[in-house]
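S.K.: whatever this is, show me its structure:
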Amino acid sequence: MHSQEFDAVYVRELEIDDIAPVYHLGEELFTSDLYPYLYRCWDEWEVIGLYNTDPEYCLVAEIAGQLAGFILGTIITKASWTYGYILWLGVSPKFQRRHVGDKLVDTVIARMIEDGARFMLVDTDPENVAAVKFFSRKGFGNIRQHIFLSMNLSKHENYGRLIDYERQKAERAGYKRSRPIRTRKAEAIVNEVALNGLISESQHQEDSVI
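M.R.: Model prediction:
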């Protein structure tokens, strides 16, 4: 009797057709309510950029032909040190507890060692307790937390003034575009017949512009 439990985890390099599914899996995993730091950083260009620059460290895991997870990494060289850096790791909720993360991390570490890396880095949202425990189990340590500060700009003293200014500027630009072209009238003319003639001429010019 076939069971998903016995399906092997197959790890391979990310291909161009994997970019969209990997991005959408990341959207599913890195949500703003659970992991705001990861949510702020995750976008399609994270996948595309690393796929273009470091394809050998961008891997996907499959189980029975389905996307089970992904890992995106890079190599950083500083003076005499070469660092392996895991930027993103995601496992589909459907395939938790299947050692998908282990296979991805082990494979990318092996590749980075072959390419001269002698030190590994990884970061994650401090609230992502499961990820911290996972990487600690994989041998990562020396945890350092990075502090992020934020500001709600809608409460900034300049926010209202800038919004009003931009609205007024847009209104002025719209008024200038919509205002019809008119012939300047001579202020010294007081003769009613001459004045009516100028008005008629002005109206004729307006009609020719519209």
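S.K.: give me the mean pLDDT for stretch 101-111.
M.R.: On average, the pLDDT along stretch 101-111 is 97.
S.K.: look up which helix or strand Y23 falls in, please.
M.R.: Here Y23, judged by DSSP states H and E, is contained in helix 19-29.
S.K.: now that helix: buried residues?
M.R.: Burial within helix 19-29, assessed by neighbour count using 16 or more other C-beta atoms under 10 Å, is assigned to P21, V22, Y23, L25, G26, L29. Glycine gets a C-beta too; all of them are placed from N, C-alpha and C.
S.K.: closest to R40 out of the residues you listed?
M.R.: Nearest to R40 among those: G26, at 12.5 Å, using C-beta to C-beta.
S.K.: may I have the phi/psi pair for the nearest residue to the closest one once chain neighbours are set aside?
M.R.: Distances taken as C-beta to C-beta, 6 or more residues apart in numbering put W42 closest to G26, at 5.1 Å, once the chain neighbours are dropped. Backbone torsions of W42, given as degrees, to the nearest 10, read phi -80, psi 120.
S.K.: tell me who's in contact with the spatially most central residue of the chain.
M.R.: For the chain, the residue nearest the mean C-alpha position is D43 (2.9 Å; C-alpha atoms, centre = their mean). Contacts of D43 were listed using C-beta atoms under 8 Å, 6 or more residues apart in numbering, and they are Y23.
S.K.: now do Y37
M.R.: Counting by C-beta under 8 Å, 6+ apart, Y37 makes contact with D125, P126, F148.
S.K.: how about 10 Å then?
M.R.: Contact analysis of Y37 by C-beta atoms under 10 Å, 6 or more residues apart in numbering lists F30, D123, T124, D125, P126, E127, N128, H146, F148.
S.K.: spit out the contact partners of the second one.
M.R.: What it means is D123. Counting by C-beta under 10 Å, 6+ apart, D123 has contacts 37-38, 41, 85-88, 131, 135, 143-146.
S.K.: ok, so of the buried residues of helix 19-29, who is nearest G73?
M.R.: Distances from G73 to the buried residues of helix 19-29, taken by C-beta to C-beta, are shortest for V22, at 13.4 Å.
S.K.: and that closest one, what is it in contact with?
M.R.: Counting by C-beta under 10 Å, 6+ apart, V22 has contacts 14, 44, 46-47, 51, 58, 60, 67, 69-72, 88, 90.
S.K.: just the strands in this structure please.
M.R.: 9-13, 58-63, 66-78, 81-91, 119-122 (DSSP state E).
S.K.: most packed of these?
M.R.: Comparing those by mean neighbour count (mean count of other C-beta atoms under 10 Å), strand 58-63 ranks first with a mean of 22.
S.K.: that one: partners in the sheet, and parallel or antiparallel?
M.R.: strand 9-13 (antiparallel), strand 66-78 (antiparallel) (DSSP bridges).
S.K.: pull the CA atoms of that strand into CSV?
M.R.: Output of strand 58-63 as CSV, limited to C-alpha atoms (Å, rounded to 0.1, in the frame of the first residue of the first chain):
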residue,chain,number,x,y,z
CYS,A,58,19.4,27.9,-4.8
LEU,A,59,17.8,24.5,-4.3
VAL,A,60,14.3,23.1,-4.1
ALA,A,61,13.1,19.9,-2.5
GLU,A,62,10.4,17.7,-4.0
ILE,A,63,8.3,14.9,-2.7
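S.K.: perfect, that will be all.
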